[in-house]
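Asks: need a structure here:
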Amino acid sequence: MQKLISIIVPVYNVEKYLEKCIESIKKQTYKNIEIILVDDGSKDNSGKICDQAEKKDNRIKVIHKTNGGLSDARNAGLKIAKGDFIGFVDSDDYIKEDMFETLYNLLENYNADISIVSYYEYYKDKLIAVKQSDEVQEFSKIEAIKELLIDNKIQSYAWNKLFKKELFKDLEFPVNKNFEDIATTLLLFERINKVVLLEDPKYYYVRRDDSIIGKKNYKTYKDYLDVIYDKYKYLDGKYKELDLYNAYNFIINMIWVYTIIVAFDLEDVYKEFEKLFPLFEKLIDLYKNQITDKLDNYNKSVLYMMLLDKQVSKPAVKKLYKSYKEKRNNGEFSLQI
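Replies: Just a heads-up that it's a prediction; the model follows:
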């Protein structure tokens, strides 16, 4: 008999997207699933849509709770999940019919603890950033954390993965913080023996300008700076073979935050950024050649302008950011912006 997969869907004010999300999960070719819809205090019709879905499919369970944020909603789902495996789908996204069958087979066939597939980015009727390969890649714990830090093959997202439920024992997503995936995925990876990846896109990530990452405000990017700093400090010296990649991850994320600060004139965030800049400069001094060799032309250009003069370089960085963002939105390439 197939083992049970619990699929947790945090729901908050997504009435425009929710039915498509739920239907895509109901149509999974892997049938032994429970679908946990966590209505996180929605103020639109999302809660009613959840209740209607529950009446039509006995695999669906609905939790209604006061608003506590994405992490709190995921934690609420984890508390009632009965599955042997845990998956997550964000309620404004949708998935291919065979996504969880593929993830399950990867786990079972390769005796892994976490399985991963790739994804499409869907933005204004365009599909962007597709990684396609038939090759199955296996990673040990250290190799998987390294790839997580490089942030190319493996990202911190919870939603394109399947986890053994036991990995979540005594572990929750941090509440009241944005970018909770970054902190939690690292801790989950530390508990595994093997991660398996198939770069076959099965998940449709719908990029919205009003999403958490789309909100260009102090809270969003203060949280981001906190998360990348905490992750760097947590790993610093813990695994000597990962020191370079830990530094790379901190540097690449600082470059990204700087471009956002400049492009959207977030002066209050700039004050927080400046507190971390001495560490940024120290790591550049330690690993300059190794780091710059790993950067693409865009990030390399921003880095040089940051090190030259952050204030004088702002107009040039803003222009470069807007040019690259336009190219990305046209589907020419994927860039974390």
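Asks: Can you report phi and psi for residue 33?
Replies: phi -130, psi 150 (degrees, to the nearest 10).
Asks: I'd like the distance between the nearest residue to it once chain neighbours are set aside and residue 95.
Replies: Excluding the flanking residues, the one nearest residue 33 by C-beta to C-beta, 6 or more residues apart in numbering is residue 5, at 4.8 Å. The way it works is simple: take the backbone N, C-alpha and C, and place the C-beta from them, glycine included. Counting by C-beta to C-beta, to the nearest Å, the gap from residue 5 to residue 95 is 12 Å.
Asks: Kindly report the same for residue 318.
Replies: For residue 318, the distance to residue 95 - C-beta to C-beta - is 36 Å.
Asks: Residue 195 too?
Replies: For residue 195 relative to residue 95 (C-beta to C-beta), the value is 20 Å.
Asks: swap in residue 277?
Replies: 40 Å.
Asks: Counting neighbours, go ahead and name the busier of the two.
Replies: Shown here are residue 277 and residue 95; by other C-beta atoms under 10 Å, residue 95 has more neighbours (23 against 14).
Asks: Read off the pLDDT value for the more buried one.
Replies: Looking at residue 95, its pLDDT is 98.
Asks: For it, give me phi and psi.
Replies: phi -140, psi 160.
Asks: Can you name the residues that contact it?
Replies: 24-25, 28, 89, 202-204 (C-beta atoms under 8 Å, 6 or more residues apart in numbering).
Asks: what bridges to it?
Replies: In this entry, residue 95 is beta-bridged to residue 203, by DSSP bridges.
Asks: Show me which pair in the contacts of residue 95 is furthest apart.
Replies: 28 and 204 (14.0 Å; C-beta to C-beta).
Asks: show me where this structure has helices.
Replies: Counting by DSSP state H, the chain has helices at residues 18-26, 46-56, 70-80, 99-110, 141-150, 180-189, 218-235, 243-263, 267-294, 297-309, 314-329.
Asks: Now the ones you listed in TSV, please, with extra columns for mean pLDDT and distance to residue 118.
Replies: TSV is the format used below for the helices of the chain (pLDDT from 0 to 100; distance: least, C-beta to C-beta, whole Å):
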stretch	mean pLDDT	distance to residue 118
helix 18-26	98	17
helix 46-56	97	28
helix 70-80	96	22
helix 99-110	98	11
helix 141-150	97	13
helix 180-189	91	16
helix 218-235	93	23
helix 243-263	94	20
helix 267-294	93	21
helix 297-309	88	22
helix 314-329	80	17
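Asks: Would you mind telling me which of these is nearest residue 172?
Replies: Here helix 70-80 is closest among these (C-beta to C-beta), at 4.7 Å.
Asks: Can you add distance to residue 69 and neighbour count and give the contacts of residue 95 back as CSV?
Replies: Below are the contacts of residue 95 laid out as CSV (distance: C-beta to C-beta, whole Å; neighbours: other C-beta atoms under 10 Å):
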residue, distance to residue 69, neighbour count
24, 24, 18
25, 22, 23
28, 27, 22
89, 17, 24
202, 26, 20
203, 22, 22
204, 23, 20
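Asks: Can you tell me which of these comes closest to residue 173?
Replies: residue 89 (15.0 Å).
Asks: residues in contact with the closest one?
Replies: Residue 89 neighbours (C-beta under 8 Å, 6+ apart): 7-9, 21, 24-25, 95, 159, 203.
Asks: Name all residues that make contact with residue 301.
Replies: So residue 301 contacts residue 320 (C-beta under 8 Å, 6+ apart).
Asks: go on, residue 194?
Replies: The contact partners of residue 194, by C-beta under 8 Å, 6+ apart, come to 110-113, 138-141, 144.
Asks: so what's it bridging to?
Replies: Going by DSSP bridges, residue 194 forms beta bridges with residue 140.
Asks: From residue 164, how far out is it?
Replies: 11 Å.
Asks: any shared contact partners between those two?
Replies: Counting by C-beta under 8 Å, 6+ apart, the shared contacts of residue 194 and residue 164 are residue 113.
Asks: quick one, what contacts the residue sitting nearest the centre point of the chain?
Replies: What sits nearest the mean C-alpha location of the chain, by C-alpha atoms, centre = their mean, is residue 157, with 2.6 Å. By C-beta under 8 Å, 6+ apart, residue 157 lies in contact with 119, 181, 185, 205.
Asks: Out of those, who's the most crowded?
Replies: Ranking the contacts of residue 157 using other C-beta under 10 Å puts residue 119 first, with 24 neighbours.
Asks: Leaving out chain neighbours, which residue sits closest to that one?
Replies: In this structure, residue 119 finds its nearest non-sequential neighbour in residue 203, 3.9 Å apart by C-beta to C-beta, 6+ apart.
Asks: Isn't the one you found up against residue 97?
Replies: No. At 12.0 Å, residue 203 does not count as touching residue 97 under the criterion of C-beta atoms under 8 Å.
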